[in-house]
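> Only the shape, not the letters, is given here:
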């Protein structure tokens, strides 16, 4: 009977000594429960009653609440959750909820209303039931060591369609993320690196994203480390960039690199030549052919080769060096005329030549000689 429990508790407190374990003895600091793996912990002894530490709660059936240990569980799958508490000697419990979050549960500590389940029996085993639990709900479980003896207390789920979120017990942690920038190629560069983590979610995706929104996505299951590569990033010298890795099913499990400035790939035209073709006397014209060589060309736009007369040839991106051009039907007038190559998306990447046009002899010159007369 319960009054006998009260007497034995007083006697035990007088004649015994117990170690105090570093477990939560207040609802201000709740410890997590995962019903998939359960609990197995040393019961507290020599700890003040929960009703003394947090006197504002309604402890319902618990006439006394010695040696308390406080836990919380967050629902991952909807449905009832049936659990069994077991120890060597008398233990009791009370269950409150639902709360909207852990923060809400702890904020309401010391003002909990009536428990939704409670037992103050003399047994060493107790059955705990969370009825019709819904995803995301949080429940608070108080377990007391009424016997005040050193003993192990275990908790196991024995039934119900519901389940708790085990990530709160072994929370996901991102431990390492780096970002290595490659050299520029055609106005682009790549970012490569590695992500390291512990206790990742078992479902969802992990996304590695840069400051421009370029990303690589990995699907569960996740095994640390993961190597990533974000290819084809526009090299525009964006400052204050970071790379971030995040799990979709645990957005709080995230990590970012330090800030860096993206490279800028400077276009440089290394060659522009011009080969003057033979004159066409019939049309008084000639052709110009040549080669353009360059590095780090823009990824978009056009490359235009033009002369001072407005004749041109236009090439569209992507650009691969070298490019051969051909300006046909140029006037053979003997004058110098600029030839310019320029990229539309980087007008500073340009070269100019100033070749001289040839002169074509379009006809033969005939000399008329006077007739010679002979004095016969």
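Looks like it arrived, so ask away. Keep in mind the model is a prediction, meaning the values are calculated, not measured.
> Now the helix or strand hosting residue 175: buried residues?
Residue 175 belongs to strand 173-177 when assigned by DSSP states H and E. If you call a residue buried by 16 or more other C-beta atoms under 10 Å, then strand 173-177 has these buried ones: 174, 177. Yep, even glycine has a C-beta here, placed from its N, CA and C like the rest.
> Stretch 241-259 too?
The neighbour-count check on stretch 241-259 (16+ other C-beta under 10 Å) flags 241, 243-247, 250, 253-255, 257 as buried.
> now the helices for this structure?
Applying DSSP state H to the chain gives helices spanning 2-15, 50-53, 102-107.
> between those helices, which gets the lowest average pLDDT?
Among the helices of the chain, helix 2-15 has the lowest mean pLDDT, at a mean of 34.
> pLDDT (mean, whole number) over the strand holding residue 175?
95.
> of all the buried residues of stretch 241-259, which comes closest to residue 344?
Using C-beta to C-beta, residue 241 comes nearest to residue 344 of those, at 26.7 Å.
> Could you report the pLDDT at the closest residue to that closest one other than its chain neighbours?
Residue nearest to residue 241 in three dimensions, not counting chain neighbours: residue 211, with 3.9 Å by C-beta to C-beta, 6 or more residues apart in numbering. Looking at residue 211, its pLDDT stands at 94.
> how close does the residue nearest to residue 273 when sequence neighbours are not counted sit to residue 303?
In space, and not counting its chain neighbours, residue 273 is closest to residue 290: 4.7 Å by C-beta to C-beta, 6+ apart. Distance from residue 290 to residue 303, counting by C-beta to C-beta, to the nearest Å: 13 Å.
> ok, those two, which is more surrounded?
Comparing residue 290 with residue 303 by neighbour count (other C-beta atoms under 10 Å), the higher total belongs to residue 303, at 25 against 21.
> Next, the contact list for the more buried one, please.
292, 297, 314-315, 317, 319, 323, 341-344 (C-beta atoms under 8 Å, 6 or more residues apart in numbering).
> who's in contact with residue 276?
So residue 276 contacts 286, 288, 355, 357-358 (C-beta under 8 Å, 6+ apart).
> Among the residues you listed, name the buried ones.
Buried members of the contacts of residue 276, counted by 16+ other C-beta under 10 Å: 286, 288, 355, 357.
> Pick the one among those residues closest to residue 131.
For these, the minimum distance to residue 131 (C-beta to C-beta) is 88.8 Å, reached by residue 288.
> Right, I'll leave it there.
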